[in-house]
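Student: Fold the following and give me the result.
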Amino acid sequence: MKNPFNLPEEKLLILMRSYVSWLNSNQKERAYPIEFRKQAEVIREEFLNDGKLLKISDEMLYAKIYKYSRSLEGPAYIRLGEPRIKANLTNIRRNLKYIISSEDDPTLVAQNILDGQSEQLSLE
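Tutor: Predicted structure coming up:
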């Protein structure tokens, strides 16, 4: 994998070793990557499963997204309120289909969604 950071590989390696050392020295922080991995598995199963996405009702999709948004840390919690989620379910569903079907680099997929370019794709 190409180094996406603006750091020489030697400094990146030092940073990563320091992070792992810190992580291993702190019980609470050591659990975070495991929890994050579990959360990623739930996301893949609930939101990035084409079979489920095609069958799920808007109400159920809303409920899952709302519940997920409440598990996030930071400003996403504030911005993903009930009216905003419900008003954007069509776009959310379209973007999830785009993520599932795209063979592009994940960074490009995210950028296309943020730029609103996934609207131009036919995914039906």
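Student: which regions of the protein sit below the pLDDT cut-off?
Tutor: Residue ranges of the chain with pLDDT under 70: 1, 73-80, 118-124.
Student: if we go to 50?
Tutor: 121-124 (pLDDT under 50).
Student: need the longest helix for it.
Tutor: helix 27-46 (DSSP state H).
Student: gap between that one and the chain center?
Tutor: Offset of helix 27-46 from its chain centre (CA atoms, centre = their mean, to the nearest Å): 12 Å.
Student: which element follows that helix toward the C-terminus?
Tutor: Following helix 27-46 in sequence order, the next helix or strand is helix 50-55 (DSSP states H and E).
Student: From the contact counts, what lies against that next one?
Tutor: Under the contact definition 3 or more CB pairs under 8 Å, 6 or more residues apart in numbering; DSSP states H and E, helix 50-55 sits against helix 89-101. Every C-beta, even on glycine, is put in place using the N, C-alpha and C of the backbone.
Student: Sweet, I'm off.
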